[in-house]
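> Coordinates for the following, if possible.
(6 chains, ligands or ions: 2)
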Amino acid sequence: MSHLIIAPVVLPAVIGPLIILWMRHDLLLQRVFSVAATAALAGVALYLNLLAAGGEVQVYRLGNWAAPFGIVLMLDRLAALMLLLTALLALAVQLYAMGSGWDRKGRHFHALWQFQLMGVCGAFLTGDAFNLFVFFEILLIASYGLMIHGGGEMRLRAGVQYIAYNLAGSTLFLAALGVLYSVTGTLNMADMALRVAAMPAEDTALLRVGAVLLMLVFAIKAALVPLHFWLPSTYANAPGPVAALFAIMTKVGVYGIIRFFTLVFPQDAVTQSVVADLLLPAALFTLAIGQVGILGTRHLGRLAAFAAIGSIGTLMIAVAQFTPQGTSAAVYYLVHSTLAAGALFLVMDMIGARRGDLWLRLDRVMPGNGLVAALYFVAAIAVVGMPPFSGFVGKLLVMQATGGAPAMVWIWAIILITSLVAIYALSRAGTILFWKSFELGLAPAPPAAAAAGPKLEPDEPVQDLGDAPANWLAVASVVLLLSGIVALTAFAGPAMRLAEATAAQLHDPDAYVSAVLEGQEGTK
Amino acid sequence: MIGHALLFAYGCFSLALLFCLYRVVFAPGLSDRVLALDTMAINMIALLTLFGIDKGTTMYFEASLMFAMVGFISTVAYAKFVLRGDIIE
Amino acid sequence: MIRRLFPHPWLSFTLALVWMALVNRWAVGSLVFAAMIGVVVPLVTAPYWPGTNGYRAPSRIPAYLAMVLWDIAKANFTVARIVLFMPRRALRPAWIAVPLELRHPEAITALAATITLTPGTVSCDLSEDGRALLVHAMHAPDPDAVLDEIKTRYEARLKEIFE
Amino acid sequence: MELLLSSAIGMLTAAGVYLILRRRSFAVVLGMTMLSYAINLFLFSTGRLVVNAPPVLRDGAASYTDPLPQALVLTAIVISFGMTAVVVMMALGAFLEGGDDRVDMPRADRLPADSLSADRMSGDGDA
Amino acid sequence: MIAEIIVSVLLVLGGFFGLVGSYGLVKLPDPMTRLHAPTKSATLGVGAVLVASLIWFPARHGVLTWHELLITLFLFLTAPVTGYFIAKAHMHLGWSRDDLPRPAPGKDWATFCDPDKESLVDRQPGD
Amino acid sequence: MSPALIAALPFIGALLPGLLIRSGRDVAAISCATATFIALLGLCLHIPAVMAGEVVTARFEWLPSLGLNANFRIDGLGLLFGILILGIGLLIIAYARHYLSRQDPAGVFYTYLMLFQGAMLGIVLSDNILLLLVFWELTSLSSFLLIGYWKHLPEGRQGARMALTVTGMGGLAMIAGMLILGNIAGSFDITDILQAREAIQASPYYLPALLLILLGAFTKSAQFPFHFWLPHAMAAPTPVSAYLHSATMVKAGLFLMARLWPVLSGTPEWFYIVATTGLATMVLAAWIAIFRDDLKSLLAFSTVSHLGLITMLLGFGTEAAAVAAVFHIVNHATFKAALFMTAGIIDHEAGTRSIARLGGLRRLMPITFVIGTLAALSMAGIPPLNGFLSKELMLEQATHAAWQGHPGLVAATATLGALFSVCYSLRFVWQVFLGPERQDYPHRPHDPGFGLWSAPALLAVLVVLIGLFPDSMAGWLVAASASAVTGTAQHPHLALWHGVTPALMLSAVALAGGVALLALNRRLLALRAAMAWPEAKAIFDAITRAVTCAAGFLTDRLTNGSMARAFAAFSLTVVLCGLWAFSTGGWQGATRPMLPIQPVPLVGWVLLMVATCCMVAFHRRRILALVLVGIIGLMVSVSFIYLSAPDLALTQISVEVVTVVLLLLALNFLPKFTVIESPDRKRGLDAFIATLTGLGFGALAYVIMRSDFAFSPISEYMLANSYKLGGGDNVVNVILVDFRGYDTFGEITVLGIAALTIFALTETLLAGATGRRLRNWVHDSRRAGDRHPLMLVVVTRLVLPIALVVGLYIFLRGHNMPGGGFVAGLVVSVALVSQYMASGFAWAQERQKINYHALIGAGVIAAGLTGIGAWFAGLPFLTSTYGYVKLPGLEEFELASAMGFDLGVFLCVVGAVMLALNSLSRIARTAGETVNLHPMDIDPSKEARR
Ligand code: NA
Ligand code: NA
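Residues are numbered from 1 along each chain as shown, chains lettered A, B, ... in the order given. Ligands and ions are numbered 1, 2, ... in the order given. From the prediction side, this is the model:
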């Protein structure tokens, strides 16, 4: 048992308060410590991946209580991978937040950032259903703070909706957990898996209700249709780097579905059909509505948000197969779509900072047009899943994984047709943004008049974004994310081997269960 | 005997609660409602104490104390709200 | 030194009593703890008690309390009678302005509390200079009698205690 | 007793849902409060009901109320308090910034202010 | 036995006063009169019940608890304040200063005086 | 040189212009040319092996689990196309160096060009159809960039997008087709697929795969009805048109058909789809080309026509036709690239490409005239140029083909196409170079420099040479290539003269007819005008506009920002899914007896229900609603007490009061009434949804309470071990701080974050527009005179210390009795709130500076450190311990490490609640609240002392 398993939670949980205690008046210190903490988190996550690569599920028994009575942390390949993905995304995006000056447009950005990481990491690590709820709440409340960072009417209005909707989601989460506890009498996921498997067939009604409510909870987080209404306005109005970080948040929902419906309610369980029957149609609608939304919106933030919804649709199509092949495709696509969505949001923010707003309309040539255009081009290719980037590979994997499925024709048709829509939409947006502006024949726009939101430290010279059309830190951050995508493409083979090993581990929950419930000598 | 007395007191305070509810809902002004709410909290304390006597436990004392505190603070808060708008000036 | 340690000795004593009542156990440990609380809590809250000083005759407080308790009990029967049996039309409510001789906030508060808890009267407001108390009587066919009772029965005694 | 509790849960839920559908942030907050009452009672009820049980360990006691759902409810109460506080503050902020307390996003969130002058826009195929 | 009688009497008394206090809330004609009923009767009602409990536990279970006394004292301490505030609120909402006796010529009751009056305003924020 | 390296070289070359652009345009061009040349050289090194019938391969594992591998092969077909791509690429690079103006960013151009070259080369060298797909889509992307190179031109943008959309559509269809094909064949490697002809053609998925793949091929090669994008792509600079739209990219579709010819062709489906499409495209495009005024447009439609020709040949499915197709690919590439470059020169020098404004250039631009005429005549199929040879072969094959049993039909139509071809080719020569010289050219035309004409000249030489010596010039390449296409060794005999064959007769007819048609030019124009066809671009635009509008409409209507809709969807989804899940499972019915209903709880129930109903009915009167919420909260707390859960009651009621304070603080600024916004019908629907949800949730609770646990709950262990292992009698508290302390750790973090968020938001609000608005705030109602009434201040002085003592008491006993850090924190907070209410926040805060930020931080860290402390004992996070301590003179008391944890909880709660309230009250203070110097407004003792 390595104490480092809990480090992804404890590290941000200590750094966050420390920032509040001692650094809340010193932005530089905050930046240094926060980045260092995120980098350390990435290091820890890397180590945990090596630890998990052995194939053995690692258990950390909090409070030294025996499972299923205490809370356990579980480290398997999926959890380790999600941690690493989170840390890397956060690190890159954090650089952007600093480079673009977003982190100084309000208070406590870095502390909230760390708490956000704490919540996400905790959610990935936990092996306890109720503890998952708690960490969902941590990541949610930190996300509320980050979402409204910088203020402004629209952002606050969107924030109210976001909170209200997710509060309802949290309520549903509690209901689901209540139902599951009322039947199984346990909260430990491994223990629950055993009890679900032992459930007599004539007494499954409540269990099925619990399973389906739980799925809906995760579907809200993942923004599956028809529970996606909260996402477009939220992501479109969130500060760019925050929206980019939120790319991992929808994945928490996906993670929840993968985790619960491979471990607790696996393929052969009486509850499985409940989910499988609902998930695929929802995923298809999600994909369609997301991709159509890319074309249907005139706001770049919403465009990126709909792209994120669409990618969730694709991802869930793979997940909904509940086969090792589908799951491995999902794992690969998950990593890709997180990086791609993150990059797209950052690029959109760069555009917004240079043009003054995010409306898709004819305007003067923006400063640094070529560079931003190049970044946009690459991000857009990645998002729509055209070659040569991982989106294409991921799409192929998803299509191949659904090859023999009964609904194959539907799946493929929707994937391909909506891809076309997205290609058209993004090319249209790109040509308007980067090409059409030349038609006006005007000189590049002067520096954006005022970056959105108030500046809190008047004594500190806040550089105007327009002054530095290519703030190197911001650009480097986007390039980092995009090079992640490139790496994912170039090393698709090893990545896929990892994904397959992950999927194999997920679809063989016995090892997980026995890791939790056996070998408990020395615990209370 | 004590049982009957308890029952009587239970009935009285329960009825009292219903009266208070009536006054909360049908009142000409906010001050009446706040008064009724406060009275409700007091009646609740009485009921709790009765319950403690009934069950032979002193475990509900903190709750009674909390109810008393809550009644006081929220009454003052509502009244200050009416008087000044801002309750913490 | 003692003054610094016990800025409000009566408060210290009260808090120690409250603690003992709370733990509900007579033991040396509890007493020690009560003493500690008696020192610490008044010190912590002392900033909120600016400019309060000792009272003239605190020894008369118990007698006053006993009287008030008796009045409260009486008051309840009075009020019960009015509530249950007096027809609405017969009620003679009245506003009474009570000019105050008391000056200490604590004394005024004590008077107001007494008025509220006793027969058919509620203290409602203070004048803007703090020299008069507005009292509402539930059923006062003769307001002057009420005023008189307040002045003589309560205010005079409180003045003795506080000022 | 079960009937009373479950009907209360249902009533609170219905009230909460109805209020949340009311398009104003204050009503939504009230509705959320109702929902959180409902879910607290619901979660508590998953331990099944026991009356007259001692609330803490006591020698010779036959049965206790299931303590685990209670602990869960406590956590839920605290969390929903934090959330409520944030949503109240955010609603207030939105009201102060925007001048009304509607929860619906205004048109300006989806469409640009000058969306009527189509010549500057590129909604059509030509761009 | 004596204790039981005392307790029973106190309980009946408490119940009676509690009921009367709340009944007064319903029956009495105007808000100011209504204020009288609960501030006293309810207080005494709950006071009687608390004292009953105070007597009952040592008599029946042999444990002396002072908790009830604390609650009673707390209620007696706070009841005048709540009554005072409710009265003020009511005056503020429903009464004109001309319907009330003046405290002194040229003076006014605190509720009605000008809040921005020099003597009341010590300083503005930022001073 | 490895095929993989050859394929990679252009991509490496693509990086060079970017890196070297500061050294000038020549360096960029030369670096690209070098990379291209090396690749060409490397390719040519394989010629001997390929001629010997070998297939040169290079294999790299990329994504083996999918079957996507970086496998490359060089066979005859790949070689042919590779030489075309690289050879013509080289010429284009040279040509473009002189063509682009000073204002055009050359580095960008070369980068795009090399990207395209690499993608194209990748297609023809791939030995894996998924890899081929990758390159296929890359050509779409890079051509998108090239077509839109002149970003200020609307035609460029629209053309680029149209090309991307149409070819992208084909590419997407091809993905599906390729996946099906690979799954039938069991491999995605072309080598393997080429062996699986029988399996593929027998599969039920053959037709779908064929259709999907052909959709890709047809769109890329601009076959009817997808031909319309190509002319619009002519907005690109001419080098691009010459390269992409004549020599290479548009041939990718042909390449694909040729590549898969062995496995897909030979079936009736193949014949009817491919040959018919090709034939129709050939004739139709040629007909359109006759009337084009723009030189590049004319050439574009002629390209479409010739692509149709080749497609038709491939569609015939015979080996001889395949040979002809391959040969025409070579020929078309030479003459058409030359023609495009010629058109570019004319445009460059004369300043226009409009035929109407040209004519008589013969004397002014003699070199261009010669090059252009040679290439055009070849296009027309005039002997002895190479175009004639392959056209002859085509016509011969056409005479052999029978369409639905009609032998002459194909030949006749093909001849018509050839006739049109003659017509527009001659028109090109006639109306551009011949005729009288004009005085109104936009620029005075003259021959360009060597740099610009050398490339087309070289191609023109090839046109002649291949025509004269077909066997020696191109025979070997055609043979190798055709062998690769057909899968069997081909030894075609290419010759200028085959004797008088039917093909020759048809050729003659075409030539004569073409000349005649040209003579009738004016009448033809009238005819053309009479049969005005809908413009393809207009249709495309209409479709995309309609789709965009529909998407906009749908998106706007669906996600219209309505919270009510989102929530209604949420509720209905939850209820319906839950209902469905329950009804499809088994339930054994109630197994637990009901507890009896007693009168007092019944009263409570009535209170709760009535209060809730009233709350809904009166919710628009916000303060009343708040009072009713207070009642409901009170009832919920009491029911927890009744159900033996005092901890819950304590927490619920104390949270309740803080919430009320919070809401009142907010309500000070919010409207006091909610306006009715929904019509009755909408409210009825909402009520229905609400009722449904309530019923569902209530029923669920009922079912749960009447069912037994299926397994014994883990809480039994907790009850059994709370004291033994956790050291506490209050099991709930032991669960909170020990069994599930980690949850509580998270929970206080939530609270802390909530407060920080509120604080941060307040700061932001006050720093912005809201702050300005608040500073000018006018209270809408009359306000009472005194803010800090004497009586409250005096009583609070007593209440605060008592409450602190009570808080301490609740904190300390929590482990064994109801209470604990959380409730204690709330009690202390409430006490502090009462102090603030009495004397004002600022006054109180000034007296006792409590840093709430620090409290939150310290609380979380204290809790965290208690957890970390266990690490030093080698135990997991949050492992607790407890012991009994005896101090001298005192009795023994318990000390649990969990108390440290609970202390963290306490601090965090106080800090969070107070920070939140502080933030809210700051808003009020900004709105003009005064700050008092004294604890109470009216203090008669002050005057007495004065
Ligand atoms: Na808790
Ligand atoms: Na009171």
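
> host element of residue F:434?
Counting by DSSP states H and E, there is no helix or strand that carries residue F:434.

> how about the nearest residue to it, chain neighbours excluded?
Counting by Cβ to Cβ, 6 or more residues apart in numbering or on different chains, residue F:434 lies nearest to residue F:362, which is 6.0 Å off, once chain neighbours are set aside. To be clear about C-beta, it is placed using only N, CA and C from the backbone, and glycine gets the same treatment.

> buried set for the strand or helix carrying the one you found?
Applying DSSP H and E as the criterion places residue F:362 in helix F:361-364. Residues of helix F:361-364 classed as buried by neighbour count (16 or more other Cβ atoms under 10 Å in any protein chain shown): F:361-362, F:364.

> what about the spatially closest residue to residue F:806 that is not a sequence neighbour, which helix or strand?
Nearest non-adjacent residue to residue F:806, counting by Cβ to Cβ, 6+ apart: residue F:827, 5.9 Å away. In this structure, residue F:827 sits in helix F:821-839 according to DSSP H and E.

> For the residue of chain B found nearest chain C, give me its contacts.
Closest contact between chain B and chain C, by Cβ to the nearest Cβ, is at residue B:58 (8.2 Å). Each residue near residue B:58 by Cβ atoms under 8 Å, 6 or more residues apart in numbering or on different chains is listed here: B:52, E:57, E:63, E:65, E:67.

> And those, which two are furthest apart?
Of all pairs drawn from these, the one with the longest distance (Cβ to Cβ) is B:52 and E:63, at 11.9 Å.

> And these two? Which one has more around it.
Per other Cβ atoms under 10 Å in any protein chain shown, whichever of residue B:52 and residue E:63 has more neighbours is residue B:52, with 25 against 10.

> confidence score at the more buried one?
Residue B:52 carries a pLDDT value of 87.

> Now do the contacts for it.
Neighbouring residues of residue B:52 by Cβ under 8 Å, 6+ apart: B:58-61, E:53.

> on that earlier part again, and after the helix holding residue F:362, which helix or strand comes next?
Next element after helix F:361-364 (DSSP H and E): helix F:366-380.

> Output the contacting helices and strands for that next one.
For helix F:366-380, the elements it packs on are helix F:319-350, helix F:361-364, helix F:386-400, helix F:407-432, helix F:450-468, judged by 3 or more Cβ pairs under 8 Å, 6 or more residues apart in numbering or on different chains; DSSP states H and E.

> re the thing from before, quick check: which of the buried residues of helix F:361-364 are also close to ligand 2?
By Cβ under 5 Å from the ion, no member of the buried residues of helix F:361-364 lies near ligand 2.

> Need the residue closest to the centroid of chain C.
Closest residue to the average C-alpha location of chain C: residue C:110 at 2.8 Å, with Cα atoms, centre = their mean.

> typo on my end, it should be chain D
By Cα atoms, centre = their mean, the most central residue of chain D is residue D:32, 2.8 Å off.

> I figured that residue hits residue D:16, correct?
Yes. Between residue D:32 and residue D:16 there is a contact under Cβ atoms under 8 Å: 6.9 Å.

> For residue C:124, what is the enclosing helix or strand?
Taking DSSP H and E as the definition, residue C:124 sits inside strand C:121-126.

> Run the contact check for that strand versus chain E.
Yes. Strand C:121-126 is in contact with chain E by Cβ under 8 Å from any Cβ of the partner chain, via C:121-126.

> what's the closest of the contacts of residue B:58 to chain C?
The shortest approach to chain C among the contacts of residue B:58 belongs to residue E:65, at 5.3 Å (Cβ to the nearest Cβ).

> What does that closest one show for phi and psi?
Backbone torsions for residue E:65, taken as degrees, to the nearest 10, come to phi -120, psi 140.

> how much space between it and residue A:263?
51 Å (Cβ to Cβ, to the nearest Å).
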